[in-house]
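[1] The sequence and its predicted three-dimensional model are supplied below.
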Amino acid sequence: MEEKSLKQKTAGGMLWGGMSNGLMQLMGAVFGLVLLRYLTPEDYGKVAMLNIFAALASALQESGFMAALCNRREPTHEEYNAVFWFNLLVSVSLYIILWFCAPLIADFYHLPELVPLGRVLFLGFLFSGLGTVQRAYLFGHLMVRQTSICALTAMLLSGLVGIAMAVKGFAYWAIVTQAITFVLITQVMAWFFSPWRPTLQFNLAPAWRMFGFSSKLMLTNCINICNLHAFSVLLGKYFGDHTAGVYSNAKKWNDMASSTINGMVTSTSQPTLTQVVDDAGRYRQVFRKMLRFICFVSFPAMLGLGLVAQEFILLAGGEEWRESGLILSLLCMHGAFVPITTLYSNLTISRGRSDVNMACTTAQCLAVWTGLILLYPHGFLPMVIYFVALNISWLAIWQWFAWRLTGLTFMEALRDTVPFLVFTLIVLALTWWLTKGIGNLWLLLLSRIFLAAILYGGIMWVSGAKIMRESIHYIFNK
């Protein structure tokens with residue numbers, strides 16, 4: 001009964017996580033398409049230059065406590081309360097520091113308008129600190145439906161605010177206001193759904209007891225942010241806000257699509273794996289089933305987007321954004337493997353080895369930055385190709401750690417991933433060949449999406465893919 005309950009919670013969590021992220025990205029896509037008509041690459045580039053500072057501050061504020069609280073299975077009120085006050089103090093301190101550092105950041109990029117822009121954008125992590133514990137409570141109790149409602153409400157309202165400001169001519173301020181509104185509404189909704197409330201007990205000792213574990217996650221998150229935002233910094237510094245905006249737009253659409261699948265992983269994998277961590281056989285079984293499901297969804301979705309990237313960008317933003325098409329195609333190759341990397345990362349966390357997670361991410365980040373700096377004189381495109389190739393190949397390192405921690409072999413991992421990758425590549429090659437003669441962009445885009453979906457579904461059904469039949473059975477039963 002307990003195993004069935006866990007299976008149902010996990011399946012329900014993945015279903016809600018997938019539906020929620022799918023709807024979020026759909027709304028984000030609609031809002032993004034509208035914004036592309038009113039904003040320029042320079043507008044996106046200015047905000048992209050600041051994102052790394054806001055993201056790092058957010059990671060420092062959260063300090064890895066969401067995962068740390070979840071790993072404790074049944075956290076006490078004192079632990080929740082200590083984390084709440086710790087996060088709030090850190091948030092306020094970081095905002096004050098960044099307020100005074102804003103002129104230095106603007107000088108680094110030689111753009112004075114980044115001073116007021118940064119001071120407003122940095123309010124996001126300040127607001128986020130007020131809801132970290134509430135979100136941790138929802139996360140740890142697998143309350144994915146409530147988390148989904150929070151995110152969907154925030155996306156809808158913030159998107160409307162962003163569009164209204166863009167239409168009125170506020171340019172890059174529309175992007176920043178949209179981001180701040182999203183964070184604020186998410187925290188308000190998390191407080192509404194979470195039954196936990198803080199008390200005026202300033203005892204930070206429980207937080208410090210968790211800090212040994214959570215600090216490694218915090219450092220890992222900071223390093224990962226440096227990895228993901230490396231381009232924004234280098235492009236903004238050496239190539240200007242136009243090139244930074246071109247890359248930022250391509251990255252936005254890649255992240256939007258990848259987050260749909262990644263949301264299923266982050267919402268369920270660590271809590272689920274933590275519950276079966278004491279049973280080695282069952283642990284590997286649960287992990288491998290998650291891995292197969294992710295590959296079944298991620299490969300066709302992300303590589304399929306890469307196939308139609310050029311047509312999509314031209315139809316969405318016009319010739320002004322043409323450069324983003326090729327970049328998006330390349331980034332989608334990386335995006336197809338991002339949810340798998342997230343799953344492996346959560347494996348190390350659920351085993352209580354945040355040190356392994358930190359070491360692997362640190363080495364990956366150093367390799368990314370070293371390569372990008374060396375390739376900078378050769379131009380933008382070689383840097384993107386290197387970034388994609390390195391992040392995909394790094395999965396071998398994650399698998400080695402998984403083998404050391406759980407006994408999961410390389411051959412088992414390949415059996416769970418390669419068939420879905422091969423089938424996807426065959427489908428996309430056939431789709432490209434059958435549609436290459438179509439000249440109309442709209443017809444080409446729609447025919448490739450429709451044909452690839454039909455071919456992939458047909459091949460999966462004929463080959464007897466168990467994960468597809470289980471997914472269909474679960475959805476129709478619900």
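    Arrived safely.

[2] how about the strand or helix carrying Leu330: buried residues?
    Per DSSP states H and E: Leu330 is located in helix 323-335. Buried residues in helix 323-335, defined by neighbour count with 16 or more other CB atoms under 10 Å: 323-325, 327-335. C-betas here are computed from N, CA, C, even on glycine.

[3] on contacts alone, who are the packing partners of the helix or strand Ile349 falls within?
    Using DSSP H and E, Ile349 sits in helix 338-350. Contacts defined by 3 or more CB pairs under 8 Å, 6 or more residues apart in numbering; DSSP states H and E place helix 338-350 against helix 65-71, helix 241-275, helix 280-307, helix 354-375, helix 395-406.

[4] Any chance of TSV for those helices, columns mean pLDDT and mean neighbour count?
    Putting the helices and strands packed on helix 338-350 into TSV (pLDDT from 0 to 100; neighbours: other CB atoms under 10 Å) gives the following:
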stretch	mean pLDDT	mean neighbour count
helix 65-71	70	24
helix 241-275	71	24
helix 280-307	84	21
helix 354-375	83	18
helix 395-406	87	17
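
[5] Tabulate the ones you listed (JSON lines), appending distance to Pro116.
    JSON lines is the format used below for the helices and strands packed on helix 338-350 (distance: least, CB to CB, whole Å):
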{"stretch": "helix 65-71", "distance to Pro116": "31"}
{"stretch": "helix 241-275", "distance to Pro116": "16"}
{"stretch": "helix 280-307", "distance to Pro116": "35"}
{"stretch": "helix 354-375", "distance to Pro116": "29"}
{"stretch": "helix 395-406", "distance to Pro116": "41"}
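
[6] Now for Ile454, how many residues are close by?
    Using other CB atoms under 10 Å, Ile454 is surrounded by 12 other residues.

[7] do Leu117 as well
    22.

[8] Isn't it up against Met49?
    No: counting by CB atoms under 8 Å, Leu117 does not reach Met49; the two are 9.3 Å apart.

[9] helix/strand/coil for Gly464?
    coil (DSSP: H, G, I helix; E, B strand; the rest coil).

[10] Report the separation between it and Tyr456.
    Per CB to CB, to the nearest Å, Gly464 is found 15 Å from Tyr456.

[11] between those two, who's got more neighbours?
    Higher neighbour count among Gly464 and Tyr456: Tyr456, with 23 against 8, using other CB under 10 Å.

[12] which parts of the one helix or strand the more buried one maps to are buried?
    Using DSSP H and E, Tyr456 sits within helix 441-462. Using 16+ other CB under 10 Å as the test for burial, helix 441-462 gives 444-445, 447-449, 451-452, 455-456, 459-460.

[13] can you redo the residues you listed as a markdown table with distance to Met383 and pLDDT?
    As requested, the buried residues of helix 441-462 are arranged in a markdown table below (distance: CB to CB, whole Å; pLDDT from 0 to 100):
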| residue | distance to Met383 | pLDDT |
| --- | --- | --- |
| Leu444 | 29 | 91 |
| Leu445 | 28 | 89 |
| Ser447 | 33 | 92 |
| Arg448 | 28 | 91 |
| Ile449 | 30 | 90 |
| Leu451 | 33 | 92 |
| Ala452 | 29 | 91 |
| Leu455 | 34 | 91 |
| Tyr456 | 32 | 88 |
| Ile459 | 35 | 85 |
| Met460 | 36 | 82 |
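
[14] Gly304: which of the residues you listed is nearest?
    Using CB to CB, Ala452 comes nearest to Gly304 of those, at 5.3 Å.

[15] Hmm, the closest one is touching Leu428, no?
    Yes: if you go by CB under 8 Å, Ala452 and Leu428 touch, sitting 6.3 Å apart.

[16] shared neighbours of those two, which are they?
    In terms of CB atoms under 8 Å, 6 or more residues apart in numbering, Ala452 and Leu428 are both contacted by the residues 304, 307.

[17] Contacts made by stretch 359-379 with the rest, please.
    219-220, 223-224, 226-227, 230-231, 234, 238, 345, 348, 382-383, 386-387, 390-391, 394, 397-398, 401.

[18] Mind checking which of the residues you listed are in strands?
    With strands taken from DSSP state E, there is no overlap with the contacts of stretch 359-379.

[19] List buried residues within the residues you listed.
    Using 16+ other CB under 10 Å as the burial test, those include 219-220, 223-224, 226-227, 230-231, 234, 345, 348, 383, 386-387, 390-391, 394, 398, 401 as buried.

[20] Take the contacts of stretch 359-379 and keep only those in helices.
    Cross-referencing these against helices under DSSP state H gives 219-220, 223-224, 226-227, 230-231, 234, 238, 345, 348, 382-383, 386-387, 390-391, 397-398, 401.
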